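**Student:** Coordinates for the following, if possible.
(one chain, ligands or ions: 1)
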Amino acid sequence: MSFEHNYQVSSNFSELTHDFLSSHSIPPTPVNYSVIYLYISNENKLLSAAIDKQLKQKTVITADFIADLFKRYVSFSEQIENNVISPFEKTLTNMLSHINQQVGNEQKVSKSLQKLNTILKNKEHNQSLKHVVSFLSETINYSTTQHQALSKELSTTQQEINQLKSKLASSRQEALVDSLTGLLNRRGCDEKLQALPFSQTHSSPAIDIDHFKTINDDFGHFVGDQVIQRIAKIITNHISEQDLAVRFGGEEFVVVIANKSTSEATLIAEKIRLAIEKMRLIRKETNAYLPSISVSIGIADNKNVSDWNNLFKQADDALYQAKNSGRNRCICA
Ligand SMILES: Nc1nc2c(ncn2[C@@H]2O[C@H](COP(=O)(O)OP(=O)(O)OP(=O)(O)O)[C@@H](O)[C@H]2O)c(=O)[nH]1
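**Tutor:** This next block holds a predicted model:
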């Protein structure tokens, strides 16, 4: 979906959107505006068909109906921001500056009329001119009040748009992060990797908790979750800001150590392994220590592979070897 209309076309769509909203008594909230703007510009055929059907059946277009369309057809946050919110925001900003300019002009005219009124006060004859001046003053003041109210409403909508934009930005951010550990999830990993040139030397330890099932079985899922969180923290404490720590699966983590060869990455991985081995966790309910926990780590670098997936595959193969040769160890591919 791309909007390559020039400003005039967008403004026309915007006006028609406003007309549609007011003729159906729908408040111009960002969500309602987005859906109806897409309908007016006919950029989303399915959405347009749904609204046309509703109109054909002469069914009232309700806020719930629009919210549902928004969820079904518009909820790709980047698309909404680029294709709907940003053009709307531009139009809104232009309208707001136009109206505020208008208010300024009206206030100047009103001041001049007040001066004229004071001069005319002392003149006996000129009654009809006095009437005209007073009529103009009233009209201008009324118009100023209307424009100020409109300006206030548009400013509120502008604030709502800013809130919506920051909500969209944080939900986009949330979609890239694992909620249990705060590490990147796979999607977040894919996105961050795009900024890391594969041509440089990078290494990747794949880390998997040993016998994690028994921790869940013996102490429950909640304790299992806490173990995952503590291990995630240990991993992040041992890597630098340019490196990536990813929760790759349930109890498996992948780290990308940027600009470092396998030998340097192995030193880091070994420190992580030892820190996890030393970690002592106490159960609050019983005050008893949990048995010590270990991880197995497989490490690979990108010397002989063509892409990130193959690098992770090599690290995973090395991890498999670490598991098979007794666990609680680091093995290089
Ligand atoms: N608490 C908790 N458990 C999880 C989560 N994700 C996966 N698991 C559990 O992790 C366990 C993984 O078990 P297995 O794949 O058998 O591996 P393991 O017991 O760690 O054994 P090895 O990897 O062979 O050492 C399963 O019991 C899953 O239910 C999670 O988010 N929280």
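
**Student:** Every contact and neighbour count from this point should use C-alpha atoms.
**Tutor:** Fine.

**Student:** gap between G220 and K284?
**Tutor:** 13 Å (Cα to Cα, to the nearest Å).

**Student:** So those two - more neighbours on which side?
**Tutor:** G220 (12 against 8; other Cα atoms under 10 Å).

**Student:** where do the helices sit along the protein?
**Tutor:** 7-23, 30-41, 45-56, 63-69, 77-79, 86-121, 127-174, 186-193, 212-219, 221-237, 262-278, 308-324 (DSSP state H).

**Student:** okay, those in TSV with distance to the ligand and mean pLDDT next?
**Tutor:** TSV is the format used below for the helices of the chain (distance: least, Cα to the nearest ligand atom, whole Å; pLDDT from 0 to 100):
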stretch	distance to the ligand	mean pLDDT
helix 7-23	46	84
helix 30-41	35	87
helix 45-56	38	87
helix 63-69	32	85
helix 77-79	27	67
helix 86-121	38	91
helix 127-174	17	89
helix 186-193	14	87
helix 212-219	4	94
helix 221-237	4	96
helix 262-278	14	97
helix 308-324	7	96
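
**Student:** how about a markdown table for these, with mean neighbour count added?
**Tutor:** Listed next are the helices of the chain as a markdown table, based on neighbours: other Cα atoms under 10 Å:
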| stretch | mean neighbour count |
| --- | --- |
| helix 7-23 | 16 |
| helix 30-41 | 21 |
| helix 45-56 | 14 |
| helix 63-69 | 15 |
| helix 77-79 | 15 |
| helix 86-121 | 15 |
| helix 127-174 | 15 |
| helix 186-193 | 16 |
| helix 212-219 | 14 |
| helix 221-237 | 17 |
| helix 262-278 | 18 |
| helix 308-324 | 20 |
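
**Student:** Quick one, which of these gets closest to A206.
**Tutor:** helix 308-324 (5.6 Å; Cα to Cα).

**Student:** what residues does the closest one touch?
**Tutor:** Applying Cα atoms under 8 Å, 6 or more residues apart in numbering, the external contacts of helix 308-324 come out as 198, 204-208, 210, 254, 296-302, 305, 328-333.

**Student:** what angle sits between that helix and helix 186-193?
**Tutor:** Put simply, helix 308-324 runs at 120 degrees to helix 186-193, going by axes from the mean of the first three to the mean of the last three Cα atoms, to 10 degrees.

**Student:** Now do helix 308-324: distance to the chain's middle.
**Tutor:** Chain-centre distance of helix 308-324: 33 Å, with Cα atoms, centre = their mean, to the nearest Å.

**Student:** Show me this structure divided up by domain.
**Tutor:** 7-173, 186-332 (automatic domain parsing).

**Student:** among those domains, which is nearest S179?
**Tutor:** Here domain 186-332 is closest among those (Cα to Cα), at 10.0 Å.

**Student:** Endpoint to endpoint, the closest one covers what distance?
**Tutor:** End to end - Cα to Cα - domain 186-332 spans 23 Å.

**Student:** With adjacent residues omitted, what lies nearest to L164?
**Tutor:** Counting by Cα to Cα, 6 or more residues apart in numbering, L164 lies nearest to P30, which is 8.0 Å off, once chain neighbours are set aside.

**Student:** OK, contacts around that neighbour?
**Tutor:** P30 neighbours (Cα under 8 Å, 6+ apart): I85, T157, E160, I161, L164.

**Student:** redo that, cut-off 10 Å
**Tutor:** Applying Cα atoms under 10 Å, 6 or more residues apart in numbering, we find P30 in contact with V84, I85, F88, E89, T157, Q158, E160, I161, L164.

**Student:** State the distance from the closest residue to the fifth one other than its chain neighbours to the ligand.
**Tutor:** Think T157. Excluding its sequence neighbours, the residue lying closest to T157 (Cα to Cα, 6+ apart) is T29, at 7.1 Å. Look at T29 and the ligand: by Cα to the nearest ligand atom, to the nearest Å, they are 39 Å apart.

**Student:** I'd say T29 and E160 touch.
**Tutor:** Yes - assessed by Cα atoms under 10 Å, T29 is found in contact with E160 at 8.1 Å.

**Student:** Give the burial count for the closest residue to S203 other than its chain neighbours, as a bare number.
**Tutor:** Nearest residue to S203, sequence neighbours excluded (Cα to Cα, 6+ apart): D301, at 4.0 Å. When neighbours are defined as other Cα under 10 Å, D301 has 26 of them.

**Student:** The one 3 residues further on now?
**Tutor:** Burial of N304 is recorded as 10 neighbouring residues (other Cα under 10 Å).

**Student:** Who are the contact partners of it?
**Tutor:** N310, L311, Q314.

**Student:** Quick check: it vs H131, distance?
**Tutor:** 91 Å.

**Student:** For the ligand, what is the nearest residue in the stretch 51-200 of the chain?
**Tutor:** L180 (7.5 Å; Cα to the nearest ligand atom).

**Student:** wait, doesn't that residue sit right on D225?
**Tutor:** Yes - the pair L180 / D225 is scored as a contact, 7.6 Å apart, by Cα under 10 Å.

**Student:** export stretch 55-63 as PDB, just CAs?
**Tutor:** What follows is stretch 55-63, C-alpha atoms only, in PDB (Å, rounded to 0.1, in the frame of the first residue of the first chain):
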ATOM      1  CA  LEU A  55     -23.500   1.300   3.800                       C
ATOM      2  CA  LYS A  56     -25.600  -0.700   1.300                       C
ATOM      3  CA  GLN A  57     -27.400  -2.500   4.200                       C
ATOM      4  CA  LYS A  58     -28.000   1.000   5.600                       C
ATOM      5  CA  THR A  59     -26.500  -0.200   8.900                       C
ATOM      6  CA  VAL A  60     -25.100   2.400  11.200                       C
ATOM      7  CA  ILE A  61     -21.300   2.700  11.200                       C
ATOM      8  CA  THR A  62     -20.400   2.300  14.800                       C
ATOM      9  CA  ALA A  63     -17.100   2.900  16.700                       C
END
